[in-house]
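Novice: got a sequence here, can you build the structure:
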Amino acid sequence: MTYTFILLYTSLLLNLAGCASKPQASASAEASHTSEQVTAMPQATPLQTGAEQTARYLPLLQGKRVGMVVNQTSVIGKTHLVDSLLSHGIKITAIFAPEHGFRGEADAGAHVKDSKDTRTGLPIVSLYGSNRKPQPSQLQHVDVLLFDIQDVGARFYTYISTMHYVMEAAAENNKQVLVLDRPNPNGHYVDGPVMDMSLKSFVGMHPIPIVHGLTVGELANMINGEKWLEGKRQCQLTVIPAANYTHSTPYVLPVRPSPNLPNAQAIALYPSLCLFEGTNVSLGRGTPTPFQVIGSPYYKDKSFSFTPVPLPGAQDPPLKNQKCYGLDLTSPAKARPFTLAYILDFYKNSTNQDKFFINNNFFEKLVGTNELRQQIKAGKTEAEIKASWEPALTNYKQLRKQYLLYPDFK
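Specialist: Predicted structure coming up:
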């Protein structure tokens, strides 16, 4: 079944200060509601991203100075959103670029510098590195911050951290935020431990599980509604929902969201495999199949191997030029939902368990809990470990329902 959405409260959009953004909450004296409501109705029409529904948001940008928080996924068909808005006469004053840069070509974790877009001449402000939040001086010529970036639905994927800081800067500087929503390719389920906020970092900023089951628009509403911004502030937020989308709708991304997530297989495996970033196991960076193969020089089974080498998007991959033994997960049948099976297997079958975990707390920051490392070392089963995530995970699922903009998965 597909769905279309009826726009409600249009006159409120982007004109009220201090928006509370629970989708079904009424406006309060403390915070006025500006997020679009949605009503599902059967309709045999194709899915449309928020960006594709130009008639719904162009009027909100007319006469405004717009700062664009975008990357290579911010497209309408094959046209970049920046080029589309310029063709409609929208005044864009700056581009704010997340991890991997405006064109999405930088390595994971690489410093992204301020620059100028050669195609449009617009200034590009990096929001990755030392400056993760737009500064007041960078917002002097901005009225609206437009966020349109494709997410993959995992807590540690840093585009949602960038969105948090953009919302926070907007709240602090009395700017408006417009989120053009996109489907979540991992939005059909919820799993993982809820973040222990004592471990808060750029790879985990909110008390949500690893697989949070929200679109960026729904998460923006949750951040705002739960007052998770610094000082419990709320920004002036408007979300343009995707049309004809449900949390059961399969969605294959038209553009790779980052250099090492090249296809649907990698995106499906990403929530499970990213845990290895805190270990001595390679995720296939520096191979043609990143996040689809895993391996280590210390894995006991030698039947499958690969050797990471410098490649575009992975110039200095972990375990570079070392032969790694492990698993080939490129078969579509291997694209299972979030699981601890891989990391439990690799620890159990490592010949170097003392060096399996990187000697810092990055693993804890990724998983969002101090317990998992010790549970793995103690030989706990996946069922035993998942039981320890309750009742926080069940409580989160109830909270999530308050912010859904789309019909949920069964």
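Novice: give me the contact list for the biggest helix by length in the chain.
Specialist: Using DSSP state H to define each element, the chain has its longest helix at helix 159-173. Defining contact as Cβ atoms under 8 Å, 6 or more residues apart in numbering, one finds that helix 159-173 is touched by 69, 71, 96, 98-99, 127-128, 132-136, 139, 145, 147, 149-151, 175-177, 179, 202-203, 205-206, 216, 219-220, 223-224, 228-230, 233-237, 257. No exception for glycine: its C-beta is placed from N, CA and C like everyone else's.
Novice: ok, 7 Å please
Specialist: The contact list for helix 159-173 (Cβ atoms under 7 Å, 6 or more residues apart in numbering) reads 69, 98, 127, 132-134, 136, 139, 145, 147, 149, 151, 176-177, 202, 205, 216, 219-220, 223-224, 229-230, 233-237.
Novice: give me the buried subset of these.
Specialist: Buried subset of those (neighbour count, 16 or more other Cβ atoms under 10 Å): 69, 98, 127, 132-134, 139, 145, 147, 149, 151, 176-177, 205, 216, 219-220, 223-224, 229, 233-237.
Novice: what pLDDT does the nearest residue to Phe304 once chain neighbours are set aside get?
Specialist: In space, and not counting its chain neighbours, Phe304 is closest to Asp328: 5.1 Å by Cβ to Cβ, 6 or more residues apart in numbering. Here the pLDDT value assigned to Asp328 is 98.
Novice: which residues does Asp328 form a beta bridge with?
Specialist: With DSSP bridges applied, the residues forming beta bridges to Asp328 are Val293.
Novice: and if you look at Ile95?
Specialist: Met68, Ile124.
Novice: give me the three-state assignment for Gly326.
Specialist: Secondary structure for Gly326, judged by DSSP: H, G, I helix; E, B strand; the rest coil, is strand.
Novice: now for it: which residues touch it?
Specialist: Val293, Ile294, Gly295, Ser296, Tyr299, Phe304 are the contacts of Gly326 under Cβ under 7 Å, 6+ apart.
Novice: now, of those residues, which are buried?
Specialist: The buried subset of these - by 16+ other Cβ under 10 Å - is Val293, Ile294, Gly295, Ser296, Tyr299.
Novice: I'd say the second one and Glu277 touch.
Specialist: It refers to Ile294. No: contact criterion Cβ atoms under 7 Å: Ile294 and Glu277 do not qualify, at 11.2 Å.
Novice: and Ile343, that one's in a helix?
Specialist: Yes: under three-state DSSP, Ile343 sits within a helix.
Novice: okay, it: pLDDT?
Specialist: So Ile343 comes in at 98 (pLDDT).
Novice: how close does it sit to Val166?
Specialist: Using Cβ to Cβ, to the nearest Å, Ile343 is found at 32 Å from Val166.
Novice: what mean pLDDT does stretch 228-242 get?
Specialist: Mean predicted lDDT for stretch 228-242 stands at 98.
Novice: with just CA atoms, put it into PDB.
Specialist: Output of stretch 228-242 as PDB, limited to C-alpha atoms (Å, rounded to 0.1, in the frame of the first residue of the first chain):
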ATOM      1  CA  TRP A 228      17.700  17.400  23.600                       C
ATOM      2  CA  LEU A 229      19.400  20.600  22.300                       C
ATOM      3  CA  GLU A 230      21.800  22.400  24.600                       C
ATOM      4  CA  GLY A 231      20.000  24.300  27.300                       C
ATOM      5  CA  LYS A 232      16.800  22.400  26.500                       C
ATOM      6  CA  ARG A 233      16.200  24.900  23.700                       C
ATOM      7  CA  GLN A 234      13.900  24.300  20.800                       C
ATOM      8  CA  CYS A 235      14.300  25.600  17.300                       C
ATOM      9  CA  GLN A 236      11.800  26.900  14.700                       C
ATOM     10  CA  LEU A 237      11.400  23.600  12.900                       C
ATOM     11  CA  THR A 238       9.500  22.600   9.800                       C
ATOM     12  CA  VAL A 239       9.600  19.100   8.300                       C
ATOM     13  CA  ILE A 240       8.400  18.300   4.800                       C
ATOM     14  CA  PRO A 241       7.600  14.600   4.900                       C
ATOM     15  CA  ALA A 242       8.200  12.200   2.100                       C
END
